[in-house]
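[1] The following block contains a protein sequence and its predicted model.
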Amino acid sequence: MSNPKNQSSGWFGASSDVWQAQVLAVAERFNHEYRGEPFELPAEVEALPIFRERISGKLQTKVASEFWQLVRPQKNQRCLDIGCGISFLIYPCWREWNALFYGQEMSAVGRDILNSRGPQLNSKLFKGVQLGPAHHLAYEEAQFDWAIATGWSCYYPLDYWQQVMAEVKRVLKPGGQFVFDLLDPEAPLAENWAILETYLGAEVFLEPLANWEKMLQASGGKITKRLPGELFQLYKVQF
């Protein structure tokens, strides 16, 4: 079993990082899930309809963002999936695009699974996954044509995401595009989903979408497309 404190070595440098505790809490929430371990939850949380949907698998279809609806990389373009989890294994679009897949993941368990199985699936397209948080991307400037980040923006406040956007902009080529999703706090499922995720170990921030859009513009990003979902909204941003 991995220790979340140990996996942070090298992430934050010698000095303390104000985001360290929060990043490690989210990482351990997903370490727990990727290890297939049951979560111990209060009875009142397990009584929520959204928890029963999670157990049945129905919830996944409601929270998953179909990022491939907004992004169409060309053959051999370099794409970075931030907070990738095991997406290369479960989304066939990566192989259909023939784009080069690079990842960065904060869960050591997820990183190890993908680095073990990814080359077996397609060693030509799979270029490996680095361990680390989104506000410290382990890649060079202007390296990627596209970047993607889905399923985790809601675990951090806008101040954190200002740093993430600076890093995304740094690693994208000029004119590069970024596709990511945002939790819609007005969605009927949002509040109960936030409660469930908080008990699973990762606090959720119910930030109005208008505030996110202001932050994007302040970061130098231009929203070129939106795609609404049942819980999350997808955005395509160009820098």
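    Good, I have the coordinates.
[2] Tell me the bridge partners for the nearest residue to Cys84 once chain neighbours are set aside.
    Nearest residue to Cys84 in three dimensions, chain neighbours excluded: Gly103, at 3.7 Å (Cβ to Cβ, 6 or more residues apart in numbering). (Each C-beta comes from the backbone N, C-alpha and C, glycine too.) Gly103 forms beta bridges with Asp81, Val129, as assigned by DSSP bridges.
[3] separation between Gly103 and Val168?
    Look at Gly103 and Val168: by Cβ to Cβ, to the nearest Å, they are 14 Å apart.
[4] What of Trp212?
    To Val168, Trp212 is 14 Å away according to Cβ to Cβ.
[5] Name the residue in the two with the higher neighbour count.
    Neighbours were counted for Trp212 and for Val168 using other Cβ atoms under 10 Å; Val168 has more, 25 against 20.
[6] you'd agree the more buried one is up against Phe178?
    Yes - the criterion here is Cβ atoms under 8 Å, and Val168 meets it with Phe178 at 5.3 Å.
[7] any shared contact partners between those two?
    Residues touching both Val168 and Phe178 (Cβ atoms under 8 Å, 6 or more residues apart in numbering): Ala147, Ala149, Phe239.
[8] ok, back up a step: count the residues that sit near the residue nearest to Cys84.
    26.
[9] and the most far-flung residue of the chain relative to its centre, what pLDDT?
    In terms of distance from the mean C-alpha position of the chain, Ala43 ranks first, at 28.9 Å (Cα atoms, centre = their mean). Per-residue confidence at Ala43 stands at 94 (pLDDT).
[10] show me where pLDDT drops low in the protein?
    Low-confidence segments of the chain (pLDDT under 70): 1-16.
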